[in-house]
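Undergrad: Sequence below, structure please.
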Amino acid sequence: MRIGRTRVLAGLDFTVAPGEVVGVTGPNGSGKSTLLRVLATLRRPAAGSLEILGRSWPHVSTPEVRRRIVLVGHDPGLHPDLTLAENLELVAALSGESSSSARCALADVGLAAAADRPAGACSEGMRRRSGLARALLCRPQLLLLDEPHASLDVASRPLVAGIADRVTARGGAVVVVTHDVEGANGHLDRVLTLQGGRLTAEARG
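TA: Predicted coordinates for the structure are as follows:
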């Protein structure tokens, strides 16, 4: 995988099984976030093969596959002038879910009282939790989490494991990029370590 002339990922070979939660760690610039974007079908690999949810490249990027994948990144993609509920109701409409399910998802991440607050007036931690609510709402088969514990207070951190449990209970899979392996280790089945875009270690969680 290259971005411009720079090789970002090289020689990666791994599988994530249904029901599995896999952690990805490594130093800054090791290719962790790029890997998530490849798995989300947002970046095309320059070489090799890629199979996601039973479909191989380039068919992985079809709407049918993409709607079964959720990437929760650093930016939850909220419109600042819409309330948290309105933002989630838009996602619900696009996902074929009821508008009431949006408020239920917000309640599940502790944001029921803030549902009618504009997203632009919410704290970073609240916006992070709204991203997790989106993951609940969309019920993905592949959930991709990029540093999901960042900006969450201590009381909110268990939400990440709880959402991962819901996905795997349905036979889905979860990939979590994290620098806090110790904090997440009890919920990870395996941990992959990237260095310079290459897989340098793999350990059981």
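Undergrad: In this protein, mark out all the strands, start to finish.
TA: For the chain, the strands defined by DSSP state E occupy 2-3, 6-7, 21-25, 51-52, 55-56, 69-72, 142-146, 173-177, 190-195, 198-204.
Undergrad: Point out where this structure drops to low pLDDT.
TA: Within the chain, the segments meeting pLDDT under 70 span 1-8, 182-185, 205.
Undergrad: please redo it, this time with the cut-off set to 50
TA: Scanning the chain with the threshold set as pLDDT under 50 gives 1-3.
Undergrad: which stretches of it form helices?
TA: Per DSSP state H, the chain carries helices over the ranges 32-39, 63-66, 84-95, 99-108, 124-138, 158-169, 181-184.
Undergrad: Tell me the helices and strands packed up against the longest one.
TA: Helix 124-138 is packed against strand 69-72, helix 84-95, helix 99-108, helix 158-169, with contacts defined by 3 or more C-beta pairs under 8 Å, 6 or more residues apart in numbering; DSSP states H and E. C-beta here means a position set from N, CA and C on the backbone, and glycine is covered the same way.
Undergrad: Same list (the ones you listed) but as a markdown table, adding distance to W57 and mean neighbour count.
TA: Output for the helices and strands packed on helix 124-138, formatted as a markdown table (distance: least, C-beta to C-beta, whole Å; neighbours: other C-beta atoms under 10 Å):
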| stretch | distance to W57 | mean neighbour count |
| --- | --- | --- |
| strand 69-72 | 14 | 24 |
| helix 84-95 | 24 | 20 |
| helix 99-108 | 31 | 19 |
| helix 158-169 | 23 | 18 |
